[in-house]
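Trainee: Sharing a sequence plus its predicted fold:
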Amino acid sequence: MAFKVFTSGQQPAIPVEGVTRRNFVNWLGLGWLTFTAAMGACVTAMGRFMMPNVLFEPPMSFKAGLPEEYTIGVVDTRWKARYGVWLVRDESGFYVLSTVCTHLGCTPNWLSADSKFKCPCHGSGFYITGVNFEGPAPRPLERHKISLAEDGQILVDKSKVFQQEKGQWADPEAYLNYVG
Amino acid sequence: MAGKELKPAQIPQRKPSIFRSIYDSQIWQSIFRHGWMDNDRNRALAIITNVVLHLHPVRIRKSGVMLSYTWCMGGLSFFFFLLETVTGVLLMFYYRPTAEYAYVDIVALREHVPLGIFREMHRWGAHAMVIIVWLHMFRVFLTGSYKPPREFNWNIGVILLVFTLLLSFTGYLLPWDQLAIWAVTVGTNMARATPLLGHEGPGAMFLKVGDISLVHAGDDVRFGLLAGRFVGEATLLRFYVLHCVAFPLLAAFLMAVHFWRIRKDGGISGPM
């Protein structure tokens, strides 16, 4: 069959086989709208899929045993690998230090012979209190919330952060008074 | 050539508008390298200078858009390949192909991954794809579309059918449950009977030096497929790589050839 070619001035006003131009454009618009909505739903679903419901990470708070298990003046490294904290006991109690270097986020080591935390990446050094004294680290190590649980164990909550430069180390939750 | 015709200066003068300033911008002009579409030349350029639009044929047979003629089976095969690719990539974000984690991760997709239904879509989509590829072949046979000059494309299609089945087979092992392990054990046992290359296959017994067999259970084609004498963790990793990388890439290349040849062999199915 032959097709008539229309130039811009001669639009076909007569319906072709019962379908008008307006009718066609309306259905085309509806089709594209539906398609766009479906694609939007797919992309939304994919975005949600990428956000897991269940995490296989260590919990943010944990019990760290009884206070008597810790020695005065010793930096305890037993929780470093799993929870990323040091527990330090001094004459009057406990505090928790984050093992994240305040320079670029590496993990420093406790050097008991030199009595300091030393970061292997860029040489930042911190006193046993967590205060920086050498290398590029701009501020002291962060501390976390520490308290005693009902069963007498030390309870560490990493979701709460205390920064020395903001004066937050004075917060009662940042230090656990204990004289054993 | 004919650069002047493409320049925005050729656009009929209209009131300055936001659309006009976007059209005149270097960004728009660098992406869409054709002039205002008020003549046939620029309308054609709009199609052939666009990587997505140029996939559309210049002309279509009336039979090509008749559902009763094509059943849309080729298009649906491709649609399911795309669906499997998208959902498959999503699953790769959660699935680990090791004996320790494979089954756990599949259960996790069902139990607590948000919208883990993507895994069910992948599985049911795979079943649908196998059925539809067979129906596509059936339709091509019924309409006689394998005849010259399309006989080469028929052969490409047969290879694509084999890849569809191989993708289905390799994917079947990945849940790493009892069904998967024993189904693949049974399935790969067929490779024992490969002529010359399988240690129980015809001709293999003659390949020996003195009394020493050259083709045995430790070096035949089944051994290469399983990375061992039985289905184990090495098989899981091997099937995973074949399923996610090797076979999809090969199938995608063959599909490009397949689609290109459809166009070159006289368009979508119909009398020549």
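Mentor: Now that the structure is in, tell me what you want to look at.

Trainee: how many other residues sit next to B:Thr85?
Mentor: Neighbour count of B:Thr85, defined by other Cβ atoms under 10 Å in any protein chain shown: 15. Backbone N, C-alpha and C define where each C-beta goes, glycine included.

Trainee: looking at it, it is touching B:Phe247, isn't it?
Mentor: No - B:Thr85 lies out of contact with B:Phe247 (Cβ atoms under 8 Å); the separation is 11.4 Å.

Trainee: CA atoms only for stretch B:18-34, dumped as PDB, please.
Mentor: In PDB, the C-alpha atoms belonging to stretch B:18-34 read as follows (Å, rounded to 0.1, in the frame of the first residue of the first chain):
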ATOM      1  CA  ILE B  18      15.300  29.300  28.400                       C
ATOM      2  CA  PHE B  19      15.100  26.400  25.900                       C
ATOM      3  CA  ARG B  20      16.800  28.500  23.300                       C
ATOM      4  CA  SER B  21      19.700  29.400  25.600                       C
ATOM      5  CA  ILE B  22      20.100  25.700  26.500                       C
ATOM      6  CA  TYR B  23      20.000  24.700  22.900                       C
ATOM      7  CA  ASP B  24      22.600  27.400  22.000                       C
ATOM      8  CA  SER B  25      24.900  26.400  24.800                       C
ATOM      9  CA  GLN B  26      28.200  24.600  24.100                       C
ATOM     10  CA  ILE B  27      27.200  21.700  26.300                       C
ATOM     11  CA  TRP B  28      24.100  20.900  24.300                       C
ATOM     12  CA  GLN B  29      25.800  21.500  21.000                       C
ATOM     13  CA  SER B  30      28.600  19.200  21.900                       C
ATOM     14  CA  ILE B  31      26.300  16.400  22.800                       C
ATOM     15  CA  PHE B  32      23.700  16.700  20.000                       C
ATOM     16  CA  ARG B  33      25.600  17.400  16.900                       C
ATOM     17  CA  HIS B  34      22.800  18.200  14.500                       C
END
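
Trainee: roughly how far is that stretch from the heart of the chain?
Mentor: Centre-to-centre, stretch B:18-34 and its host chain are 35 Å apart (Cα atoms, centre = their mean, to the nearest Å).

Trainee: Quick check: buried residues in it?
Mentor: Across stretch B:18-34, burial judged by 16 or more other Cβ atoms under 10 Å in any protein chain shown covers B:His34.

Trainee: Kindly provide the whole-number mean pLDDT of that stretch.
Mentor: Averaged across stretch B:18-34, pLDDT comes to 88.

Trainee: ok, which residues in chain B are in contact with chain A?
Mentor: B:38, B:86, B:90, B:93-94, B:108, B:112-116, B:118 (Cβ under 8 Å from any Cβ of the partner chain).

Trainee: let's see 10 Å
Mentor: With Cβ under 10 Å from any Cβ of the partner chain as the criterion, chain B meets chain A at residues B:38-39, B:62, B:86-87, B:89-91, B:93-94, B:108-109, B:111-118.

Trainee: Drop anything exposed from the residues you listed.
Mentor: Taking 16+ other Cβ under 10 Å as the criterion, what is buried in these is B:87, B:90-91, B:94, B:108-109, B:113, B:115-116, B:118.

Trainee: quick one: least confident of the residues you listed?
Mentor: Of all those, B:Gly116 carries the smallest pLDDT score, 90.

Trainee: the helices in chain A, which residues?
Mentor: A:21-49, A:80-83 (DSSP state H).

Trainee: which residue sits closest to the spatially most central residue of chain A, ignoring its sequence neighbours?
Mentor: With the centre of chain A defined as its mean C-alpha position, the nearest residue by Cα atoms, centre = their mean is A:Ser159, 9.9 Å away. In space, A:Ser159 comes closest to A:Met60 once its chain neighbours are excluded; the distance is 4.5 Å by Cβ to Cβ, 6 or more residues apart in numbering or on different chains.

Trainee: ok so, going back, just name the closest of the buried ones among the residues of chain B next to chain A to B:Gly171, please.
Mentor: B:Leu91 (9.9 Å; Cβ to Cβ).

Trainee: Which other helices and strands does the helix or strand hosting the closest one contact?
Mentor: According to DSSP states H and E, B:Leu91 maps onto helix B:73-92. Applying 3 or more Cβ pairs under 10 Å, 6 or more residues apart in numbering or on different chains; DSSP states H and E, we find helix B:73-92 packed against helix A:21-49, helix B:102-111, helix B:117-142, helix B:151-173, helix B:247-264.

Trainee: how big is the angle separating that helix from helix B:151-173?
Mentor: Angle, helix B:73-92 to helix B:151-173, by axes from the mean of the first three to the mean of the last three Cα atoms, to 10 degrees: 30 degrees.

Trainee: tell me how far helix B:73-92 is from the chain's mean position?
Mentor: In this view, helix B:73-92 has its centroid 7 Å away from the chain centroid, taken as Cα atoms, centre = their mean.

Trainee: residues of stretch B:43-52 that come out buried?
Mentor: Applying 16+ other Cβ under 10 Å to stretch B:43-52 flags B:45-46 as buried.

Trainee: Give me the average confidence score over it.
Mentor: Stretch B:43-52 comes out at a mean pLDDT of 88.
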